[in-house]
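Trainee: One predicted model, sequence on top.
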Amino acid sequence: MTGIMAGKRGLIMGLANDRSLAWGIAKQLRDQGAELAFSYQGEALEKRVRPLAEQLGSDILVDCDVSNMEALDRTFEALKQRWDRLDFVVHAIGFSDKNELRGGYVDTSLENFLMTMNISVYSFVAVAQRARAMMTDGGSLLTLTYYGAEKVIPHYNVMGVAKAALETSVKYLAADLGRENIRVNAISAGPIKTLAASGIGDFRYIMKWNEYNAPLRRNVTIEDVGGAGLYLCSDLASGVTGEIHHVDAGYNVVGMKAEDAPDIATV
Ligand SMILES: NC(=O)c1ccc[n+]([C@@H]2O[C@H](COP(=O)([O-])OP(=O)(O)OC[C@H]3O[C@@H](n4cnc5c(N)ncnc54)[C@H](O)[C@@H]3O)[C@@H](O)[C@H]2O)c1
């Protein structure tokens, strides 16, 4: 393989189907020559993920529920069996009870708060701990976040709080691992219709609002996210760490509704 990722090996976590952000990133990494391994959450997803992995020339597939530390240990053990070194990890995982992704944040339960933080935030730390040992020649850790970490977005609720913690984790991890030349970054993606996004209340309204008000007057695609993912995983971003990089058609710079944007309603 030729390309800017030739000779590099990485793990993609969080592929569910061909609409996943992980798929957009994995495709571009492969196009540029990277060798890929995939982890997926549970048997039910395997039949979806296996053909996609094969399409990208990968036969390294590991079942890994990231709330289970032993499963994470097994995942990195499996990688060690095949590879002597790891160059990058893409962590595209988030989860919360969809019953709490509507209504108000004030009603968040302790149980779902802890579960959301565990799967959507701590898992990235747990991945960093295990990836670090294999990143003997430096490396790149990448996660996915959303603007709901910075400002209040209707219904995003506890997921916004989790993404804020994830973004801060990116900065602390970047500081911890920088001496080892391991870079840690996040892409803050605009809203994209995926399986995870379908759990968020009034998601179509959020999509429309972004389309009408973002500077580029459109929503982003998994290809847009893939391009930025490729850059951050590659040596092109060799001086970039601790960064929250927006791939949102510019939405985050806008302060209010555009004059020419239509008023829209949720009904
Ligand atoms: N779609 C958007 O609008 C959007 C915007 C910004 C950020 N993001 C983030 O992008 C990431 C990927 O989500 P997506 O939108 O591609 O949706 P997706 O449903 O395709 O991917 C979410 C993935 O998380 C995995 N996952 C959930 N719980 C897990 C667990 N316990 N163990 C292992 N894996 C688990 C699922 O299996 C799935 O593969 C998430 O962090 C999400 O918050 C999405």
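Mentor: Looks like it arrived, so ask away. Residues are numbered from 1 along each chain as shown.

Trainee: Can you tell me which residues in the stretch 51-200 of the chain are near the ligand?
Mentor: Within the stretch 51-200 of the chain, the positions near the ligand by CB under 6 Å from any ligand atom are 65-67, 92-95, 119, 144-146, 189, 191-192, 194-197. Glycine gets a C-beta too; all of them are placed from N, C-alpha and C.

Trainee: can we see that at 8 Å?
Mentor: Residues of the stretch 51-200 of the chain found near the ligand (CB under 8 Å from any ligand atom) are 64-68, 91-95, 119-120, 123, 143-147, 159, 163, 187-197, 200.

Trainee: Pull out the buried residues from those.
Mentor: 64-67, 91-95, 119-120, 123, 143-147, 159, 163, 187-192, 194, 196-197, 200 (16 or more other CB atoms under 10 Å).

Trainee: give the contact list for the residue nearest to Glu100 when sequence neighbours are not counted.
Mentor: In this structure, Glu100 finds its nearest non-sequential neighbour in Asn112, 5.1 Å apart by CB to CB, 6 or more residues apart in numbering. Applying CB atoms under 8 Å, 6 or more residues apart in numbering, we find Asn112 in contact with 96-97, 100, 158.

Trainee: Taking these, please make a PyMOL selection of just the buried ones.
Mentor: The following PyMOL line selects those of the contacts of Asn112 that are buried, judged by 16+ other CB under 10 Å:
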select buried, resi 96+100+158
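
Trainee: roughly how far out does the helix or strand Leu144 falls within sit from the chain middle?
Mentor: With the criterion set as DSSP states H and E, the secondary-structure element containing Leu144 is strand 139-145. Put simply, strand 139-145 sits 7 Å off its chain's centre (CA atoms, centre = their mean, to the nearest Å).

Trainee: What of stretch 102-114?
Mentor: 22 Å.

Trainee: Pull out the buried residues from it.
Mentor: In terms of neighbour count (16+ other CB under 10 Å), stretch 102-114 has its buried residues at 108, 112-113.

Trainee: Of those residues, which belong to helices?
Mentor: Secondary structure of these is defined by DSSP state H; positions in helices are 112-113.

Trainee: nearest to the ligand, of the buried residues of stretch 102-114?
Mentor: Taking CB to the nearest ligand atom as the measure, Asn112 is the one of those closest to the ligand, at 13.2 Å.

Trainee: pLDDT wise, what is the closest one at?
Mentor: Per-residue confidence at Asn112 stands at 98 (pLDDT).

Trainee: send the alpha carbons of whichever helix or strand Gln129 is part of over as CSV?
Mentor: With elements taken from DSSP H and E, the one containing Gln129 is helix 123-134. Output for helix 123-134, consisting of C-alpha atoms alone and laid out as CSV, is shown next (Å, rounded to 0.1, in the frame of the first residue of the first chain):
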residue,chain,number,x,y,z
SER,A,123,-13.4,4.1,28.3
PHE,A,124,-11.1,6.5,26.4
VAL,A,125,-8.8,6.7,29.4
ALA,A,126,-8.9,2.9,29.7
VAL,A,127,-8.0,2.6,26.0
ALA,A,128,-5.2,5.1,26.4
GLN,A,129,-3.7,3.1,29.3
ARG,A,130,-3.6,-0.1,27.2
ALA,A,131,-2.6,1.5,23.8
ARG,A,132,0.3,3.4,25.4
ALA,A,133,2.2,0.2,26.0
MET,A,134,2.1,-0.7,22.3
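
Trainee: from memory Lys98 sits against Gly199, does it?
Mentor: Yes - with contacts defined as CB atoms under 8 Å, Lys98 counts as touching Gly199 at a distance of 3.7 Å.

Trainee: Mind listing residues that contact the longest helix belonging to the chain?
Mentor: Scanning the chain for the helix with the most residues, using DSSP H, yields helix 157-177. With contact meaning CB under 8 Å, 6+ apart, helix 157-177 is reached by 94, 96, 100-105, 108, 112-113, 116-117, 120-121, 124-125, 128, 132, 141, 143, 145-146, 148-150, 152-153, 183-186, 188, 200, 241-244.

Trainee: okay, the angle between it and strand 139-145?
Mentor: Helix 157-177 and strand 139-145 meet at an angle of 160 degrees, taking axes from the mean of the first three to the mean of the last three CA atoms, to 10 degrees as the criterion.
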